[in-house]
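J.: 3D model of this:
(one chain, ligands or ions: 1)
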Amino acid sequence: MTHNTSPYVVAIDGPSGSGKGSLALRVARELGFHLLDSGAIYRLLALKCLQQGIDLDDEDQVASQIEDFKIRFEVGEELSIPYLDDVDMTAELRREATGDAASQVARHPRVRERLLGLQRDFFRPPGLVADGRDMGTVVFPDAKFKFFLHASVEIRAQRRYKQLINMGLSANIPNLQADIAERDERDQNRSVSPLRPAEDALVVDSSLLDLAQVTNLVLSHIRENTG
Ligand code: DC
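T.: All right, here's what the predicted structure looks like:
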């Protein structure tokens, strides 16, 4: 544990399927830090909009859902359980359709703006590992550590395939590749907070590394640079 320094943020950004979710959970556990899965927040908001029958293209309507947005996470050893209005949304959250819907609500500047406070509130002692797309660029620009995880579309589709099959869901690799490429395109080209590494981020290509190797690399970098 690294508790002899003042609280700090470790930002882990990157595209879907780069492995940043599992990495963030492990790093948070090793450091004894809180965890922010910001993608899950966009996913829960998308699910709420779908439940309410709201048009995901309607920025005002989507943003208005944040006024009464009751979410929480129960972080365990290996996974974090997301709740919307006290209902466990684990099964719905990781579906491809939910990811697509999340990517649509995440395009709206007012939605992103209104979610800033909620995300920043996750930063409490002893520290936070924040996983997302714009953690190091927008939400926590002063993060002490910034990592940006890359992986090829092919590798990411394979990882997503395994994840979905393990969850008992059906999946097919060519469709997953097409979905991932399409979502990357949308996330990289939106006008607000496009997906890109912060200038001071350490870029890690995880295509040829497994989770343990990436986790070791990230933790070594943190430990070498904290007193
Ligand atoms: O990481 P994820 O697949 O759970 O993210 C779901 C969607 O949410 C993704 O398409 C982009 C969006 N997102 C975002 O715009 N900003 C974040 N910080 C996290 C996710």
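J.: The helix ranked longest in the chain and the ligand, any residue contact?
T.: Longest helix of the chain, by residue count under DSSP state H: helix 173-189. Yes. Helix 173-189 lies within reach of the ligand by Cβ under 6 Å from any ligand atom, at 183, 187. Yep, even glycine has a C-beta here, placed from its N, CA and C like the rest.
J.: Give me the residues contacting that helix.
T.: Residues outside helix 173-189 that contact it (Cβ atoms under 8 Å, 6 or more residues apart in numbering) are 15-17, 96, 99-100, 103, 106-107, 133, 153-154, 156-158, 160-161, 164, 194-196.
J.: in that helix, what counts as buried?
T.: Of the residues in helix 173-189, 176-177, 179-180, 183-184, 186-187 count as buried by neighbour count, 16 or more other Cβ atoms under 10 Å.
J.: Okay, and which of the contacts of helix 173-189 map to helices?
T.: 96, 99-100, 103, 153-154, 156-158, 160-161, 164.
J.: Tell me what angle the longest helix of the chain forms with helix 96-105.
T.: Helix 173-189 and helix 96-105 are oriented at 10 degrees to each other (axes from the mean of the first three to the mean of the last three Cα atoms, to 10 degrees).
J.: and helix 173-189, how far out from the chain's middle?
T.: Using Cα atoms, centre = their mean, to the nearest Å, the mean C-alpha position of helix 173-189 is found 16 Å from that of the whole chain.
J.: what about the helices in this structure?
T.: Remark: helices assigned in the chain by DSSP H are 20-31, 38-51, 59-64, 90-93, 96-105, 109-114, 116-120, 153-166, 173-189, 211-224.
J.: Measure how far the shortest one is from the centre of its chain, please.
T.: Relative to the centre of its chain, helix 90-93 is centred 15 Å away, using Cα atoms, centre = their mean.
J.: Can you confirm whether it lies near the ligand?
T.: No. Helix 90-93 stays clear of the ligand (Cβ under 6 Å from any ligand atom), getting no nearer than 8.1 Å.
J.: That helix: which residues count as buried?
T.: Burial within helix 90-93, assessed by neighbour count using 16+ other Cβ under 10 Å, is assigned to 92-93.
J.: what helices or strands is that helix leaning on?
T.: Taking 3 or more Cβ pairs under 8 Å, 6 or more residues apart in numbering; DSSP states H and E as the contact definition, the neighbouring helices and strands of helix 90-93 are helix 38-51, strand 80-84.
J.: One more: the first one?
T.: In terms of contact count using 3+ Cβ pairs under 8 Å, 6+ apart, helix 20-31 is assigned the packing partners strand 8-13, strand 34-37, strand 127-132, helix 211-224.
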